[in-house]
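S.K.: Here's my sequence, what's the structure:
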Amino acid sequence: MHVRGARIWRRVQPGTWTLAGMTSDTAAPPQDGTGSKLQQAITGPLLFLFILGDVLGAGIYALMGTLSKDVGGALWAPLLLALLLALLTAGSYAELVTKYPKAGGAAVFAERAYKVPLVSFLVGFSMLAAGVTSAAGLSLAFAGDYLGTFIDVPPVPAAIVFLALVACLNARGISDSLRSNVVMTIIELSGLVIVIVTVAVMVGGGGGDVSRIGAFPAEANPALATLSAAIVAYYSFVGFETSANVAEEVREPRKVYPRALFGSLATAGVVYVLVALASSIALPASELSDSSGPLLAVVAATGVPIPDWVFSIIALVAVANGALLTMIMASRVTYGMAEQRLLPRLLGRVLPNRKTPWTAIVATTVVAMLLTLVGDVGTLAETVVLLLLFVFISTNVAVLVLRKDRVEHEHFRVWTFVPVLGVASCVLLLTQQSGQVWLYAAVLLAVGVVLFFVARATRGRDRTDSETSAS
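M.R.: Model prediction:
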């Protein structure tokens, strides 16, 4: 999961911080859905590319081998199922974002719907934890066979060094923009197009084995295997939820947002299914599952004269960009939550010259480094999905709760059965998670709860000291 261009926290008045446009007292947006101080410069095509870039990301470059362990050559099946499940929750986001075009994501929706600070905090913290976990998984993908094309180093130490370099770049200050997002999306997409085209050339020359695309492992139940693999496949589609952070900068969000959201998810789904079919045709499942750079192995197997280093560079750019942008998001969210006293104030310190949140960068980087010790991209991806499933359940329920909240402007309205099915689908995926993944997620959320009460106690002590000084 990575985030591009998301304005997570911003100052709205002296002493007040807001989560993408919503103050802590959850003030309602203008009833016409306009009135933003931000420039509404995001058009439909730009929003489409923004979401597509977030969704395409780097996960597909790393997870094809993991999927093959569960479903053999039928790689397309869990990806198609994951797309359908993602579209359910996307429907809820489409309604809430167009209903509250100044709202900034699941934590704000939770605050509006439930009005329980701990719940909305945990929703926001789950997003934060998912981002750090995702960066850890991407760093392991970076340090695998793609990096191995140029240098042979142990994966975990290389991943830790990579995260340290990302932290240094983060601390220097990174300016993200829609223009850079378009460029990076094109680079990432080009690598996937190379996979599809080279395998097509291979098949045209009489190579490959088309029969593998429907071959599940001999001992597997196809339905259960597909459902199990859909947990990992779901990771390839997450990222669409971050588009809520730029809602108030979109021109005519009521019309533009749903089209861009559903269109980008459908486009990503088509590309993923084609890549899955190509991978199955080019290589048997056993060879895909043994590689930490499965798409590199697919291109090499086609015999098309594309040097390994060319595709490896594309994959490394995709993975590195995803990890960098995810860590930028995670550190800024951490900083913003510290500024709002939702996390300890220590995490809100800023470098005087660079104006970057150095303590938040250090904290999130250290956590990501520790998570690389897990050593398994698949497990980390499942942990990200588990954390986000809680977020998505909250959002799907929030749609139904907030139906009683009327607004004067028109907005997208999803059929009532869609968020209900969205909740059911999330619960279904939760039942497929392993005990180990539940443990990792529980530890992360427990840390969040502790930090919440530490910050709350500190805030109360600061208030008491302030009152004492005033008297």
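
S.K.: W415 - that's part of a helix, no?
M.R.: No: read with DSSP: H, G, I helix; E, B strand; the rest coil, W415 is coil and lies in no helix.

S.K.: Without its sequence neighbours, what residue ends up closest to it?
M.R.: With sequence-adjacent residues excluded and distances taken as CB to CB, 6 or more residues apart in numbering, W415 is closest to G91, at 7.7 Å. Using the backbone N, CA and C atoms, a C-beta is placed for each residue, glycine as well.

S.K.: Just give the number of residues close to that neighbour.
M.R.: Using other CB atoms under 10 Å, the number of residues around G91 comes to 24.

S.K.: isn't it right up against T416?
M.R.: No: applying CB atoms under 8 Å as the test, G91 and T416 come out as separate, 10.5 Å apart.

S.K.: ranges for the strands of the protein?
M.R.: 9-13, 16-19 (DSSP state E).

S.K.: Could you check how far L81 is from L429?
M.R.: 10 Å (CB to CB, to the nearest Å).

S.K.: neighbour-wise, which of these two wins?
M.R.: Legend: neighbour count by other CB under 10 Å for L81 and L429, higher for L429 (23 against 18).

S.K.: and for L81 and L429, which residues touch both?
M.R.: A230 (CB atoms under 8 Å, 6 or more residues apart in numbering).

S.K.: pLDDT score assigned to L80?
M.R.: On pLDDT, L80 comes in at 94.

S.K.: Now do the contacts for the nearest residue to it once chain neighbours are set aside.
M.R.: Nearest residue to L80, sequence neighbours excluded (CB to CB, 6+ apart): V273, at 6.1 Å. By CB under 8 Å, 6+ apart, the residues touching V273 are 76, 79-80.

S.K.: Can you give me the neighbour number for L128?
M.R.: For L128, using other CB under 10 Å, the count is 25.

S.K.: pretty sure it contacts R332?
M.R.: No: counting by CB under 8 Å, R332 is not a contact partner of L128; they are 10.0 Å apart.

S.K.: if you average pLDDT over stretch 445-460, what comes out?
M.R.: 83.

S.K.: need the helices for the stretch 201-350 of the chain, in chain order.
M.R.: Remark: helices assigned in the stretch 201-350 of the chain by DSSP state H, counting those that start in this stretch are 222-235, 253-282, 285-289, 294-302, 308-339.

S.K.: So, low pLDDT: which residues of this protein?
M.R.: 1-41, 44, 57-59, 102-105, 173-182, 244-249, 340, 460-471 (pLDDT under 70).

S.K.: Compare the contacts of V273 and tell me which has the most neighbours.
M.R.: L79 (30 neighbours).

S.K.: Return the residues in contact with that one.
M.R.: Contacts of L79 (CB under 8 Å, 6+ apart): 67, 233, 236, 269, 272-273, 276.

S.K.: which residues in the stretch 51-200 of the chain form helices?
M.R.: 59-71, 76-99, 106-114, 117-142, 145-148, 155-172, 178-204.

S.K.: which stretch among those helices comes nearest T43?
M.R.: helix 178-204 (9.7 Å; CB to CB).

S.K.: and the angle from the closest one to helix 59-71?
M.R.: Here helix 178-204 runs at an angle of 40 degrees relative to helix 59-71 (axes from the mean of the first three to the mean of the last three CA atoms, to 10 degrees).

S.K.: shift numbering so it begins at 2
M.R.: In the new count, where the first residue is 2, that last one comes out as helix 179-205.

S.K.: relative to helix 254-283, how tilted is helix 179-205?
M.R.: Going by the same axes, to 10 degrees, helix 179-205 makes 30 degrees with helix 254-283.

S.K.: By neighbour count, which of the contacts of L80 wins?
M.R.: A234 (33 neighbours).

S.K.: Including distance to R460, could the helices of the stretch 52-201 of the chain go into JSON lines?
M.R.: Output for those, formatted as JSON lines (distance: least, CB to CB, whole Å):
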{"stretch": "helix 60-72", "distance to R460": "37"}
{"stretch": "helix 77-100", "distance to R460": "29"}
{"stretch": "helix 107-115", "distance to R460": "17"}
{"stretch": "helix 118-143", "distance to R460": "11"}
{"stretch": "helix 146-149", "distance to R460": "44"}
{"stretch": "helix 156-173", "distance to R460": "27"}
{"stretch": "helix 179-205", "distance to R460": "36"}
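
S.K.: Excluding covalently adjacent residues, which one is nearest to F49?
M.R.: Per CB to CB, 6+ apart, closest to F49 is A261, 4.3 Å.

S.K.: do the same with A321
M.R.: A321's closest residue in space is F143 (CB to CB, 6+ apart), at 6.0 Å.

S.K.: Surely the one you found and L317 touch.
M.R.: Yes: judged on CB under 8 Å, F143 makes contact with L317 at a distance of 6.3 Å.

S.K.: Neighbour count: those two, which is higher?
M.R.: F143 (26 against 23).

S.K.: With R404 as the reference, measure out to that one.
M.R.: 44 Å.

S.K.: residue contacts, L129?
M.R.: 331, 334-335, 338, 449.

S.K.: And the residues you listed, which is closest to R113?
M.R.: M338 (17.9 Å).

S.K.: now that closest one, nearest residue through space, not along the chain?
M.R.: In space, M338 is closest to L344, 4.4 Å off (CB to CB, 6+ apart).

S.K.: what sits against that neighbour?
M.R.: Contacts of L344 by CB under 8 Å, 6+ apart are 335, 338, 452-453, 456.

S.K.: try 7 Å
M.R.: 335, 338, 452, 456 (CB atoms under 7 Å, 6 or more residues apart in numbering).

S.K.: out of those, which one sits closest to L289?
M.R.: Relative to L289, the closest of the contacts of L344 is T335; by CB to CB it sits at 36.4 Å.

S.K.: Let me see the contact set for the residue nearest to the closest one when sequence neighbours are not counted.
M.R.: Among residues not flanking T335 along the chain, A361 sits closest, at 3.9 Å (CB to CB, 6+ apart). When contacts are counted by CB under 7 Å, 6+ apart, A361 touches 332, 335-336, 339, 348.

S.K.: do the same with I61
M.R.: Neighbour list for I61: 193, 237, 273, 276 [criterion: CB under 7 Å, 6+ apart].

S.K.: Go again with 10 Å.
M.R.: 68, 80, 189, 192-193, 196, 234, 236-238, 269, 272-273, 276-277, 280, 295-296, 319 (CB atoms under 10 Å, 6 or more residues apart in numbering).

S.K.: ok so, going back, just the buried residues from the contacts of A361, in PyMOL please.
M.R.: To isolate the buried ones among these in PyMOL, judged by 16 or more other CB atoms under 10 Å, type:
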select buried, resi 332+335+336+339+348
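
S.K.: can you tell me which two in the contacts of A361 are farthest apart?
M.R.: So, those by CB to CB: farthest apart are S332 and A339, at 10.5 Å.

S.K.: so what sits against both of those two?
M.R.: 348, 358, 360-361, 364.

S.K.: Can you tell me which of those is closest to T227?
M.R.: A364 (38.3 Å).

S.K.: which residues touch the nearest residue to that closest one once chain neighbours are set aside?
M.R.: Nearest residue to A364 in three dimensions, chain neighbours excluded: L348, at 5.9 Å (CB to CB, 6+ apart). Applying CB under 10 Å, 6+ apart to L348 gives the contacts 332, 335-340, 358-365, 452, 456.
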